[in-house]
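*Asks:* A structural model of the following input is requested.
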Amino acid sequence: MRDRVRNILRRLYIDDLARELWRTTNRILVTFKRKFGRLDRELIDKYVSAEEVRKLHIGCGEKIIDGWLNADFFPSSPTVLHLDATRHFPMGDKQFDYVFSEHMIEHIPYPQGFSMLSECYRILRGGAAQSE
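*Replies:* As a prediction, this is how the structure comes out:
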(Lines give C-alpha, C1' and ligand atoms only; values in the text may rest on other atoms or scores of the structure.)
Protein backbone atom coordinates (compact mmCIF):
# COMPACT_ATOMS: atom_id res chain seq x y z
CA MET A 1 0.00 0.00 0.00
CA ARG A 2 2.78 2.41 0.92
CA ASP A 3 4.56 1.85 -2.41
CA ARG A 4 1.31 2.38 -4.25
CA VAL A 5 0.80 5.77 -2.58
CA ARG A 6 4.39 6.76 -3.36
CA ASN A 7 3.92 5.88 -7.02
CA ILE A 8 0.75 7.95 -7.20
CA LEU A 9 2.44 10.92 -5.55
CA ARG A 10 5.36 10.68 -7.96
CA ARG A 11 2.96 10.97 -10.88
CA LEU A 12 1.28 14.09 -9.51
CA TYR A 13 2.45 17.40 -10.84
CA ILE A 14 3.23 19.21 -7.61
CA ASP A 15 3.70 22.55 -9.42
CA ASP A 16 0.20 22.35 -10.93
CA LEU A 17 -1.26 21.36 -7.59
CA ALA A 18 0.49 24.24 -5.83
CA ARG A 19 -0.67 26.70 -8.52
CA GLU A 20 -4.28 25.56 -8.20
CA LEU A 21 -4.08 25.75 -4.41
CA TRP A 22 -2.76 29.32 -4.69
CA ARG A 23 -5.57 30.31 -7.09
CA THR A 24 -8.21 28.77 -4.84
CA THR A 25 -6.80 30.46 -1.74
CA ASN A 26 -6.65 33.79 -3.57
CA ARG A 27 -10.28 33.45 -4.68
CA ILE A 28 -11.38 32.67 -1.12
CA LEU A 29 -9.51 35.71 0.21
CA VAL A 30 -10.96 37.98 -2.47
CA THR A 31 -14.46 36.64 -1.74
CA PHE A 32 -13.96 37.29 1.99
CA LYS A 33 -12.79 40.84 1.30
CA ARG A 34 -15.76 41.41 -0.99
CA LYS A 35 -18.32 40.23 1.56
CA PHE A 36 -16.94 42.31 4.38
CA GLY A 37 -15.08 45.12 2.68
CA ARG A 38 -17.18 46.82 0.00
CA LEU A 39 -14.50 46.16 -2.64
CA ASP A 40 -17.02 45.75 -5.46
CA ARG A 41 -18.81 49.03 -4.78
CA GLU A 42 -15.43 50.79 -4.76
CA LEU A 43 -14.46 49.16 -8.08
CA ILE A 44 -17.69 50.33 -9.72
CA ASP A 45 -17.49 53.87 -8.31
CA LYS A 46 -13.83 54.26 -9.26
CA TYR A 47 -14.43 53.00 -12.80
CA VAL A 48 -17.54 55.14 -13.40
CA SER A 49 -15.82 58.31 -12.16
CA ALA A 50 -12.64 57.69 -14.19
CA GLU A 51 -14.05 56.62 -17.56
CA GLU A 52 -16.04 58.80 -19.94
CA VAL A 53 -16.86 55.89 -22.26
CA ARG A 54 -17.86 53.05 -19.96
CA LYS A 55 -17.58 49.41 -20.97
CA LEU A 56 -18.61 46.31 -18.99
CA HIS A 57 -17.05 42.91 -19.71
CA ILE A 58 -19.26 40.15 -18.26
CA GLY A 59 -17.75 36.71 -17.60
CA CYS A 60 -14.15 37.80 -18.15
CA GLY A 61 -12.51 34.84 -16.41
CA GLU A 62 -8.79 35.54 -16.57
CA LYS A 63 -9.08 37.58 -19.82
CA ILE A 64 -8.88 41.09 -18.45
CA ILE A 65 -9.40 43.86 -21.02
CA ASP A 66 -7.79 47.25 -20.34
CA GLY A 67 -10.25 50.13 -20.15
CA TRP A 68 -13.19 47.85 -19.34
CA LEU A 69 -14.86 47.08 -16.04
CA ASN A 70 -14.12 43.37 -16.01
CA ALA A 71 -16.60 41.19 -14.11
CA ASP A 72 -16.92 37.50 -13.31
CA PHE A 73 -18.80 35.23 -10.91
CA PHE A 74 -15.43 33.93 -9.64
CA PRO A 75 -13.10 36.97 -9.86
CA SER A 76 -9.51 36.05 -10.60
CA SER A 77 -8.11 39.17 -8.92
CA PRO A 78 -9.14 42.09 -6.72
CA THR A 79 -9.38 44.26 -9.87
CA VAL A 80 -12.22 42.11 -11.24
CA LEU A 81 -15.76 42.84 -10.09
CA HIS A 82 -17.78 39.98 -8.62
CA LEU A 83 -20.96 39.84 -10.71
CA ASP A 84 -23.69 37.23 -10.74
CA ALA A 85 -25.02 37.84 -14.25
CA THR A 86 -28.28 36.03 -13.39
CA ARG A 87 -29.26 38.65 -10.80
CA HIS A 88 -29.76 42.42 -10.61
CA PHE A 89 -26.53 44.24 -11.58
CA PRO A 90 -25.17 46.58 -8.87
CA MET A 91 -24.97 49.51 -11.31
CA GLY A 92 -27.34 52.38 -11.89
CA ASP A 93 -29.50 52.81 -14.97
CA LYS A 94 -27.87 54.07 -18.18
CA GLN A 95 -24.28 54.09 -16.86
CA PHE A 96 -22.52 52.11 -19.60
CA ASP A 97 -21.93 52.62 -23.32
CA TYR A 98 -20.97 49.03 -24.13
CA VAL A 99 -21.53 45.58 -22.66
CA PHE A 100 -19.49 42.61 -23.87
CA SER A 101 -19.81 38.94 -23.00
CA GLU A 102 -18.33 36.00 -24.87
CA HIS A 103 -19.08 32.31 -24.39
CA MET A 104 -21.01 32.86 -21.18
CA ILE A 105 -24.76 33.20 -21.68
CA GLU A 106 -25.12 29.69 -23.12
CA HIS A 107 -24.11 28.30 -19.71
CA ILE A 108 -27.15 29.68 -17.88
CA PRO A 109 -30.83 28.70 -18.22
CA TYR A 110 -33.06 30.72 -20.56
CA PRO A 111 -34.93 32.71 -17.85
CA GLN A 112 -31.64 33.82 -16.25
CA GLY A 113 -30.22 34.62 -19.71
CA PHE A 114 -33.26 36.79 -20.40
CA SER A 115 -32.73 38.50 -17.04
CA MET A 116 -29.07 39.11 -17.90
CA LEU A 117 -29.98 40.71 -21.22
CA SER A 118 -32.65 42.84 -19.50
CA GLU A 119 -30.04 44.06 -17.02
CA CYS A 120 -27.62 44.83 -19.86
CA TYR A 121 -30.33 46.91 -21.54
CA ARG A 122 -31.10 48.69 -18.26
CA ILE A 123 -27.51 49.79 -17.63
CA LEU A 124 -26.84 50.86 -21.25
CA ARG A 125 -27.02 54.54 -22.08
CA GLY A 126 -29.24 55.64 -24.94
CA GLY A 127 -28.01 57.69 -27.86
CA ALA A 128 -25.22 57.38 -30.41
CA ALA A 129 -23.07 54.81 -28.57
CA GLN A 130 -25.99 52.38 -28.38
CA SER A 131 -27.02 52.70 -32.04
CA GLU A 132 -23.55 52.10 -33.53
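
*Asks:* the helices in the protein, which residues?
*Replies:* Secondary structure of the chain, counting by DSSP state H: helices at 2-11, 14-37, 39-50, 110-123, 128-131.

*Asks:* Return the member of those helices having the minimum mean pLDDT.
*Replies:* When the helices of the chain are ranked by mean pLDDT, helix 128-131 comes last with a mean of 45.

*Asks:* okay, now the closest residue to Gly113 other than its chain neighbours: neighbour count?
*Replies:* Among residues not flanking Gly113 along the chain, Ile105 sits closest, at 5.0 Å (Cβ to Cβ, 6 or more residues apart in numbering). Yep, even glycine has a C-beta here, placed from its N, CA and C like the rest. Residues near Ile105, counting by other Cβ atoms under 10 Å, number 17.

*Asks:* Tell me if I'm right that Ile105 and Met116 touch.
*Replies:* Yes - at 6.3 Å, Ile105 and Met116 qualify as touching, with contact defined as Cβ atoms under 8 Å.

*Asks:* Any idea how far apart the tips of stretch 82-96 sit?
*Replies:* Start and end residues of stretch 82-96 are separated by 17 Å (Cα to Cα, to the nearest Å).

*Asks:* His88 - how many residues pack around it?
*Replies:* 10.

*Asks:* same question, the one 4 residues further on
*Replies:* Around Gly92 there are 11 other residues, counting by other Cβ under 10 Å.

*Asks:* you'd agree it is up against Leu124?
*Replies:* No - taking Cβ under 8 Å as the definition, Gly92 is not a contact partner of Leu124, at 11.6 Å.

*Asks:* ok, back up a step: need the residues touching each of Ile105 and Met116.
*Replies:* The contact sets of Ile105 and Met116 overlap at Ala85 (Cβ atoms under 8 Å, 6 or more residues apart in numbering).

*Asks:* Break this protein down into its domains, please.
*Replies:* Per automatic domain parsing, the domain ranges recorded for the chain read 1-37, 38-131.

*Asks:* Neighbours of Leu117, how many?
*Replies:* 14.

*Asks:* Nearest residue to it in space, ignoring adjacent ones along the chain?
*Replies:* Nearest to Leu117 is Ile105, by Cβ to Cβ, 6+ apart, at 7.8 Å.
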